[in-house]
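Asks: Sequence plus the predicted model coming up.
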Amino acid sequence: MASAAVEIDTPVFDVDRIRADFPILATQAHGKPLVFLDSAASAQKPRAVIDAVRQCYEAEYANIHRGVYALSETATRNYEDVREKVRALINAKETREIIFLRGATEGINLVASSWGGANLKPGDEILITALEHHSNIVPWQMIAEQTGAEVRAVPTDETGAFLFDRFEEMISPRTKIVAVTHASNAIGTVVPVKDVVATAHARGIPVLLDGCQGIVHRGIDVQDVDCDFYVFSGHKLYGPTGIGVLYGKADLLDAMPPYQGGGDMIETVSITKTTYAALPHKFEAGTPNIAGTVGLGAAIDYVSAIGHDAIRAHEDDILGYALERLRGLNDIQLVGTAPDRASIVSFLIDDVHPHDSGTILDQSGVAVRVGHHCAQPLMDHFDIAGTVRASFGLYNTRADVDALVDGLHEVRKLFG
């Protein structure tokens, strides 16, 4: 029996009630209440997701698609029901445009390898930005090396904002694909993706969007934005690790060769010839993450019941409050101050290494991310090695921000 959809009875965003849905937020770190400010790396999981995964393993688990017995049929139905939930979440036209993978990284690698391998040639250009996560840089570099294409990056300004005029200038007849983040994981900059897609399409260029942060903090309507590919990871959307989604327009996916070979992506196999299954299974070789997919479905139910608009309003309030508190500290340098940004703030404390700051904050129970955040070209742009990053989710509060600021006072006391 499939897990029931999450129901939120009240239209009011009740953060205390939401926090009660996340068991880990009731735990402690170093004897202090846990203040979790690293959701951009991986969000915590509500009880509904934990229960869905447990239910799958305890009562509904079997391999899918090939079994004729009842348990396999139940598991298959639960798994494929999630494909429809993803389709509805992003407003894709058809469920066959939804590919389940291990994560967004695999989705980008799939497009780079399959689409790129079939379409790129020497002299072609792949246009990305300086805002990208390494997962939207390295796969393109790898296929560029194989095909003779070149990767070029649209720069950012001193605030970390996306420079649309430079983007327009850098598109050329040599540009064959545009691959950009929806929102930066390192500094939160939101890219005007609908305008990017329209500009690229006016020149006949397809666009891939890395939606790992965008799907969480802004949501996406892929038909409205008209992107050709969109990728995101379940674990940042309050779901399990090891499950991600690639959306692709059906005509593009149909024309692309398989990314991996093996079980479930075949139609027929002989020693001399294999024919491939139709979409979406052509790109889903091997036994998938069945329980993780079920957990992703529960996460989508949970987030959808609260509503993206309500989540965004709450997170924008927390971000605004965090910026206000941090700007009140005279030894804090904010890194990345673009006017349109998601629920992330990166900063440095004068003369204190980010790793030292993060370690001391941890002793206060405050969990932040430190380092380059898998965005080394962006750190190079700011001429720094890394930052302290506090990233907020739907369960964070102003009190969490206050705890962060109190922890920063402890950092300053220790470092004078």
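Replies: Yep, that arrived.

Asks: residues in contact with the closest residue to residue 189 other than its chain neighbours?
Replies: In space, residue 189 comes closest to residue 338 once its chain neighbours are excluded; the distance is 4.3 Å by CB to CB, 6 or more residues apart in numbering. Using the backbone N, CA and C atoms, a C-beta is placed for each residue, glycine as well. Neighbouring residues of residue 338 by CB atoms under 8 Å, 6 or more residues apart in numbering: 159, 160, 161, 162, 187, 188, 189, 190.

Asks: which of these tops the neighbour count?
Replies: In terms of neighbours by other CB atoms under 10 Å, these top out with residue 187 at 29 neighbours.

Asks: So, low pLDDT: which residues of this structure?
Replies: The model of the chain has pLDDT under 70 over residues 1-11.

Asks: how about residue 408, secondary structure?
Replies: Three-state assignment for residue 408 (DSSP: H, G, I helix; E, B strand; the rest coil): helix.

Asks: who's in contact with it?
Replies: 329, 332, 349, 357, 361.

Asks: tell me the SS of the residue sitting nearest the centre point of the chain?
Replies: With distances taken as CA atoms, centre = their mean, the residue of the chain nearest its centroid is residue 212 (1.3 Å). The local conformation at residue 212, judged by three-state DSSP, is coil.

Asks: hang on, it packs against residue 231?
Replies: Yes. Judged on CB atoms under 8 Å, residue 212 makes contact with residue 231 at a distance of 7.4 Å.

Asks: any shared contact partners between those two?
Replies: Going by CB under 8 Å, 6+ apart, residues that sit against residue 212 and also against residue 231 are residue 104.

Asks: Please enumerate the helices of the stretch 1-150 of the chain.
Replies: 15-20, 47-59, 70-90, 104-110, 116-119, 138-147 (DSSP state H, counting those that start in this stretch).

Asks: Can I get the last one in PDB, CA atoms only?
Replies: Taking Å, rounded to 0.1, in the frame of the first residue of the first chain, the C-alpha atoms of helix 138-147 are listed here in PDB:
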ATOM      1  CA  VAL A 138      33.800  19.100 -14.900                       C
ATOM      2  CA  PRO A 139      31.400  17.000 -17.100                       C
ATOM      3  CA  TRP A 140      31.500  19.700 -19.800                       C
ATOM      4  CA  GLN A 141      35.300  19.900 -19.600                       C
ATOM      5  CA  MET A 142      35.500  16.100 -19.900                       C
ATOM      6  CA  ILE A 143      33.300  16.000 -23.000                       C
ATOM      7  CA  ALA A 144      35.100  19.000 -24.400                       C
ATOM      8  CA  GLU A 145      38.400  17.100 -24.200                       C
ATOM      9  CA  GLN A 146      36.800  14.200 -26.000                       C
ATOM     10  CA  THR A 147      35.200  16.200 -28.800                       C
END
